[in-house]
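Student: here's my sequence, what's the structure:
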Amino acid sequence: MQLDQHVLSELVSSLDGKLFALDFETFGTNWMAPGFWVRCCSFHTDEISLCVELADEEGNYHPYAAEFFEWLASQPNMIAHNAGFEVGVIFAMTDIMPTPKVCTYALLAALMNEGSPGASWALKKAGPELLQCEAWDQDVKGDKANMAKLPFDALGWYCQQDSWATFELYKICCQAVEEHKETWGRFFWQWFEEDMTNIIMLQNEAYQLSLHVDTKYIKDYELKVDDEIKNCLREFFEHEDLKDHIDAFNRNVVSVVESEVNNYGSKFKKDGSVTVNYQKALDRLEKVRGENHFNINSTGHLKWLLYDRLQVECKFFTDSGGQSMDGDALEAIPKYGRLVINYRDADNKKRFLSALNDNSVDGQVRISIRVPGITTGRMSAGGLD
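Tutor: Next up, the predicted model:
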């Protein structure tokens with residue numbers, strides 16, 4: 001339904017102060033970014049389930065949107081699946097950062113058995129699995145950041161399903177805690193409401209205030225890291241124990257292309273001139289001869305060099321039983337492994353510095369952190385965005 005004075009009055013009379021789940025659909029996912037706006041908000045309890053359209057498809061808010069957000073900011077019993085985002089949306093609209101009652105994403109993470117096969121805390125995966133229902137996002141097309149421009153009859157239903165699943169997952173989790181009330185369940189809610197919620201709110205505060213970076217210093221430092229990467233690559237490719245094997249690798253690549261060129265079908269025209277495609281093949285061969293084809297970033301190439309050619313003993317293996325080329329495996333390889341690690345460290349440093357520069361706005365960077373991020377409860381970030 002579209003927000004108006006009557007709808008707002010009904011929401012206040014029905015939900016004010018009560019426990020309810022909510023979910024927003026927004027234009028953009030960075031609630032501190034210019035141009036961010038909210039299309040709709042859904043609510044669900046055991047008695048009520050509805051979605052309210054707050055703005056049209058172009059982001060023009062309906063009357064009483066400001067009053068709606070002010071009322072929402074005062075609610076003490078909000079349940080949200082990604083509570084950090086939902087309360088961030090409210091802050092973006094009101095400058096008030098409310099404290100959520102429960103974040104079901106964090107709740108599922110806290111109650112999940114570590115290492116459960118195929119387990120996920122994401123709403124679209126955990127919902128169908130734990131609630132034994134059909135996925136409700138199959139008919140909603142488009143990326144998350146632009147879903148706000150979908151027709152409301154489709155978007156509102158999708159949003160309403162999100163708040164329904166959030167509320168039902170909360171009840172399932174409450175039941176799980178209740179079943180262990182004689183042991184850890186006695187302490188769970190105090191820990192969750194004090195410690196976990198505090199972590200979520202601290203992360204929102206950090207996101208709001210942003211990380212201040214010296215962009216000029218970073219750009220200057222990037223130049224030093226570029227030199228560091230060049231030195232690492234030179235030490236690797238020119239190492240006396242590696243160079244001959246890498247040259248052999250390149251010769252193999254060239255020989256394959258040479259064979260293709262030699263066996264090329266239509267080489268010459270009737271007048272004796274070279275065909276256009278054959279000339280392209282010759283040009284490609286000339287280019288291949290002048291390039292290095294060994295890729296230090298390729299685990300396959302590194303395995304070939306270290307395990308096959310140099311016969312280094314493999315001490316670490318992947319879950320599928322293959323030879324590993326991760327950090328532990330490289331650390332176990334004297335001399336050569338360190339050359340690769342040095343390069344990876346410098347390359348990762350470069351990537352991080354580039355991301356800081358690319359994502360900074362007026363010297364400010366906002367980093368979205370998942371709370372919690374992994375099964376042990378630690379935070380994680382997929383990257384700067």
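Student: end to end, how far does stretch 309-324 reach?
Tutor: One end of stretch 309-324 to the other measures 16 Å (C-alpha to C-alpha, to the nearest Å).
Student: mean confidence score for that stretch?
Tutor: Mean pLDDT, computed over stretch 309-324, is 92.
Student: contacts for it next, please.
Tutor: Contacts with stretch 309-324, where a contact means C-beta atoms under 8 Å, 6 or more residues apart in numbering, come from 241-242, 245, 248, 303, 306-307, 326, 328-329, 332-333, 336. All C-beta atoms are positioned from the backbone trio N, CA, C, and that covers glycine.
Student: closest to Asp23 among the residues you listed?
Tutor: Nearest to Asp23 among the contacts of stretch 309-324: Asp326, at 38.4 Å, using C-beta to C-beta.
Student: and the contacts of stretch 309-324, which two are the farthest apart?
Tutor: Spanning the widest gap among the contacts of stretch 309-324 are Ala248 and Asp328, at 27.9 Å by C-beta to C-beta.
Student: give me the buried subset of the contacts of stretch 309-324.
Tutor: 242, 245, 303, 306-307, 329, 333, 336 (16 or more other C-beta atoms under 10 Å).
Student: now those residues as TSV including secondary structure and distance to Val274?
Tutor: Below are those laid out as TSV (DSSP: H, G, I helix; E, B strand; the rest coil; distance: C-beta to C-beta, whole Å):
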residue	secondary structure	distance to Val274
Leu242	coil	38
His245	helix	36
Lys303	helix	40
Leu306	helix	42
Tyr307	helix	43
Ala329	helix	48
Ile333	coil	48
Tyr336	helix	44
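Student: coming back round to it: quick check, nearest of the contacts of stretch 309-324 to Thr94?
Tutor: Taking C-beta to C-beta as the measure, Thr94 sits nearest to Asp326 out of the contacts of stretch 309-324, at 46.3 Å.
Student: ok, which stretches of the stretch 151-300 of the chain are strands?
Tutor: 211-212 (DSSP state E, counting those that start in this stretch).
Student: hey, where'd the helices end up in it?
Tutor: Using DSSP state H, counting those that start in this stretch, the helices of the stretch 151-300 of the chain run over 152-178, 185-191, 197-209, 215-237, 243-262, 276-289, 299-303.
Student: hmm, back to that, what's the closest of the buried ones among the contacts of stretch 309-324 to Asn252?
Tutor: Minimum separation from Asn252 among those (C-beta to C-beta) is found for His245, which lies at 10.7 Å.
Student: let me see the contact set for that closest one.
Tutor: 305, 309-310.
Student: among the residues you listed, who's most crowded?
Tutor: The residue in the contacts of His245 with the most neighbours, by other C-beta atoms under 10 Å, is Leu305 (22 neighbours).
Student: name the nearest residue to it, ignoring sequence neighbours.
Tutor: Take Leu305 and drop its neighbours on the chain: the residue closest to it by C-beta to C-beta, 6 or more residues apart in numbering is His245, 5.7 Å away.
Student: again, but for Val253
Tutor: Taking C-beta to C-beta, 6+ apart, and ignoring the residues beside it in sequence, Val253 has His293 as its nearest neighbour in space, at 4.3 Å.
Student: pretty sure that neighbour sits against Val256.
Tutor: No: with contact defined as C-beta atoms under 8 Å, His293 does not reach Val256; the gap is 10.1 Å.
Student: got the phi and psi for Asp56?
Tutor: Backbone geometry at Asp56, expressed as degrees, to the nearest 10, gives phi -80, psi -180.
Student: count the neighbours of it for me.
Tutor: As a burial measure, Asp56 scores 14 neighbours (other C-beta under 10 Å).
Student: where does the chain dip in pLDDT?
Tutor: For the chain, applying pLDDT under 70 flags the ranges 113-119, 139, 141-145, 372-385.
Student: after the one helix or strand Leu339 maps to, which helix or strand is next?
Tutor: Using DSSP states H and E, Leu339 falls within helix 336-359. Per DSSP H and E, the first helix or strand lying C-terminal to helix 336-359 is strand 364-365.
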